[in-house]
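A.B. asks: Just need the structure, nothing else, for what follows:
(2 chains)
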Amino acid sequence: MFKLTLHTPSPIPLDLDGITPQRVAGLSAIEVAKLTVLHGNRTEPLGEFFHVVSSSKLPGVNLHFAGDTRNVKGIGARMTEGSIYVENDVGMHAGAIMTGGRLIIDNVAGDWLGAEMKGGYIEVRGEAGNQVGAAYRGSRRGMTGGTILLRGSAGDELGLLMRRGLIIVERGCGEFACASMIAGTVVLLGGVQEGLGAGMKRGTIITNHEPSLPPSFRFACEYRPSFLPLLSAKVQQLGIDVPKGMVEPVRCYRGDLLAGARGEVLVLLQ
Amino acid sequence: MLQLNGVEVEDTFAEAFGMTAARLVVTAETPGWAREAAVAATGYAASVIGCDAEAGIEQELPASDTPDGRPGVTLLFFAFSRDALQKALINRVAQCILTCPTTSCFNALPIDPARSIRIGGNLRFFGDGWQISKLLDDRRFWRIPVMDGEFLCEDVFGTVKAVAGGNLLILAETQTSGLRAAEAAVAAARHVPGVILPFPGGVVRSGSKVGSKYKALKASTNDAYCPTLRGAVASELPDGVNAVYELVIDGLDLAAVERATWEAMLAATKNPGVRRLTAGNYGGKLGPFHIHLRALIESRAEGG
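C.D. replies: Purely as a prediction, here's the structure:
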């Protein structure tokens, strides 16, 4: 296990894409410090910016980031296994395209958190920016697997074009959440804003606030979805208080009618 | 001849066969509706001689023990092959569980991808394009829209190599005493997890032998145990026996079948009018599993 403490913050973004548990496995601290990172348009050794020491303070964690990492991008990007813990804020693209492992961010995450991730688990204990679990511009696939848990709120375009996986947000999100969603499950607690599910093709959005849906959604019924108890159990496993409404009947809206109406928005009644 | 609770036990063995088995959990809004679905899905499933599967209710589950926190039952199904099992289950789940109010259907065996069968994944087409797939922790479920909401069925079910055809014959003085003993034996055997007794009420009144004087028939009445034929055929019935009932036991593994056989033996021999217990076999030449009644008595007598 390594502790990487940022000793030289920079206004120019530092991109740590590629500094992953699988990359550092079997290396010494000195060898890790020699790994290269992008600093703006330059390639520099990691050690220019981080003190790298072996540490066993957090058992089970392969990479522990400390210091002011709010401008550090790509932490956990493309990771396939292992565990990363970040003490403070992180920049954009944290956990992007990851396929496995655990990424825990103890504060705020920037935009594009978990973008196009395929597997693994991300937990942010503060807020997250825009495009959580989203597809990059021009791509047809957002998050396709894994789980993202946001203890705070999220920005706009959460789950954009998502194609599977699970996102849970405890304190609300911004506009156009799950826009053009193709598949996946998103649980939005704490409020949603305009444009929820606009253009969604399939997938499930669960919210505990009556949303302002696009006009191309229709109320279907009140009923008790059989799969909700299974999802509730999963939510509870993640340490979240399950809203009582998840085991009661919900209001079901179908949409987007402009995209085939195979998506659903389930509104918890309690 | 052995003895158990003062009853003769023939020193013989039951010959059982390998089959492929699946275990389902069916849940519903109430225990009553779960039971309705279970009874329907496991009906007409006494023997693979003439049915597409052998099936039965393994146990009822309280809500706390089911995947969705609703009352449920576990069902076991046995067939000669995975393909046959899949075909039988698709039909049974579609006609008897999907159709039953408020039910959901889950797999209850570990999944080995090389040995799994696809149930929900084949039923999903009933949704006519409106079905929804949900993947939770590597388990896929299909949500099929139906008139009372949705039917939830797991995509893929596990199977195991199981044991079928364990048996026990109860030779009794009268039909009444034989039947009482058989009922007690069934009740005891059904407490063993991993086991079903697929015949009506768990009891066979018409045990069969292989072959027949009629070339078209695979099996015919077990004349050696028919009391009305004593004197006309080579009978296995001792004096004083006027009725025989058979228990057929299928289980997920040999240990379960052995334990169920033992529990049945214990229960049967505590009933008045039971003269002898025995078991059916084919000389050991057909089935790979031999359940020796002596071994059951001796191992249990030693506290095993």
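
A.B. asks: could you give the mean pLDDT of the lengthiest strand in chain B?
C.D. replies: In chain B, assigned by DSSP state E, the strand with the most residues is strand B:13-27. Mean per-residue pLDDT for strand B:13-27: 97.

A.B. asks: Relative to the whole chain's centre, how far out is the helix or strand following it?
C.D. replies: On the C-terminal side of strand B:13-27, the closest following helix or strand by DSSP states H and E is helix B:31-41. How far helix B:31-41 lies from its chain's middle: 16 Å, per CA atoms, centre = their mean, to the nearest Å.

A.B. asks: Can you pull the residues of the stretch 51-200 of chain B lying near chain A?
C.D. replies: Within the stretch 51-200 of chain B, the positions lying close to chain A (CB under 8 Å from any CB of the partner chain) are B:67-70, B:104, B:129-130, B:132-137, B:141, B:143, B:149-152. Glycine gets a C-beta too; all of them are placed from N, C-alpha and C.

A.B. asks: before we move on, back to that, what are the pairing partners of the longest strand of chain B, and which direction each?
C.D. replies: strand B:72-79 (antiparallel), strand B:104-107 (antiparallel), strand B:160-172 (antiparallel), strand B:289-292 (antiparallel) (DSSP bridges).

A.B. asks: Adding mean neighbour count, write those out as TSV.
C.D. replies: TSV is the format used below for the strands paired with strand B:13-27 (neighbours: other CB atoms under 10 Å in any protein chain shown):
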stretch	mean neighbour count
strand B:72-79	27
strand B:104-107	26
strand B:160-172	24
strand B:289-292	19
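
A.B. asks: For residue B:263, which of those is the nearest?
C.D. replies: Residue B:263 lies closest to strand B:160-172 among the strands paired with strand B:13-27, at 10.2 Å (CB to CB).

A.B. asks: quick one: average pLDDT of that closest one?
C.D. replies: On average, the pLDDT along strand B:160-172 is 96.

A.B. asks: out of the residues of the stretch 51-200 of chain B next to chain A, which are buried?
C.D. replies: Neighbour-count burial (16 or more other CB atoms under 10 Å in any protein chain shown) applied to those gives B:67-70, B:104, B:132, B:134-135, B:141, B:143, B:149-152.

A.B. asks: quick check, nearest of the residues you listed to residue A:50?
C.D. replies: Of all those, residue B:135 has the smallest distance to residue A:50: 37.1 Å, by CB to CB.

A.B. asks: Show the contacting residues for the residue sitting furthest away from the middle of chain A.
C.D. replies: Within chain A, the residue lying farthest from the chain centre (CA atoms, centre = their mean) is residue A:30, at 31.4 Å. Residues near residue A:30 by CB atoms under 8 Å, 6 or more residues apart in numbering or on different chains: residue A:52.

A.B. asks: and it, what element?
C.D. replies: Secondary structure (DSSP H and E) places residue A:30 in helix A:29-33.

A.B. asks: before we move on, what about residue A:234?
C.D. replies: helix A:228-237.

A.B. asks: is chain B contacted by that helix?
C.D. replies: Yes: if you take CB under 8 Å from any CB as the test, helix A:228-237 does meet chain B, through A:229-231, A:233-234.

A.B. asks: any residues touching the helix or strand that that helix is followed by, and which ones?
C.D. replies: Using DSSP H and E, the helix or strand that directly follows helix A:228-237 along the chain is strand A:250-255. Contacts to strand A:250-255, defined as CB under 8 Å, 6+ apart, come from residues A:197, A:200, A:206, A:210, A:213-214, A:216-225, A:228, A:261-269.

A.B. asks: of the buried ones among the residues of the stretch 51-200 of chain B next to chain A, closest to residue A:256?
C.D. replies: Nearest to residue A:256 among these, with distances taken as CB to CB, is residue B:132, at 15.1 Å.

A.B. asks: Can you spell out the domain ranges of chain B, please?
C.D. replies: The record's domain parsing of chain B by automatic domain parsing lists B:2-15+B:163-301, B:19-160.

A.B. asks: roughly how far is stretch A:161-179 from the heart of the chain?
C.D. replies: 9 Å.

A.B. asks: As PDB, could you dump the C-alpha coordinates of that stretch?
C.D. replies: Only the C-alpha atoms of stretch A:161-179 are listed here, as PDB (Å, rounded to 0.1, in the frame of the first residue of the first chain):
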ATOM      1  CA  LEU A 161     -27.000   7.800 -21.900                       C
ATOM      2  CA  MET A 162     -26.300   5.300 -19.200                       C
ATOM      3  CA  ARG A 163     -26.500   1.700 -20.300                       C
ATOM      4  CA  ARG A 164     -26.600  -0.300 -17.100                       C
ATOM      5  CA  GLY A 165     -25.200  -0.200 -13.600                       C
ATOM      6  CA  LEU A 166     -26.600   1.500 -10.500                       C
ATOM      7  CA  ILE A 167     -26.300   5.100  -9.300                       C
ATOM      8  CA  ILE A 168     -27.700   6.200  -5.900                       C
ATOM      9  CA  VAL A 169     -27.700   9.900  -4.900                       C
ATOM     10  CA  GLU A 170     -28.700  10.800  -1.400                       C
ATOM     11  CA  ARG A 171     -29.100  14.600  -1.700                       C
ATOM     12  CA  GLY A 172     -30.600  15.500  -5.000                       C
ATOM     13  CA  CYS A 173     -29.200  16.200  -8.500                       C
ATOM     14  CA  GLY A 174     -29.300  18.800 -11.200                       C
ATOM     15  CA  GLU A 175     -30.900  19.000 -14.500                       C
ATOM     16  CA  PHE A 176     -31.300  16.400 -17.200                       C
ATOM     17  CA  ALA A 177     -30.500  13.500 -15.000                       C
ATOM     18  CA  CYS A 178     -30.700  10.300 -17.100                       C
ATOM     19  CA  ALA A 179     -31.200  12.100 -20.300                       C
END
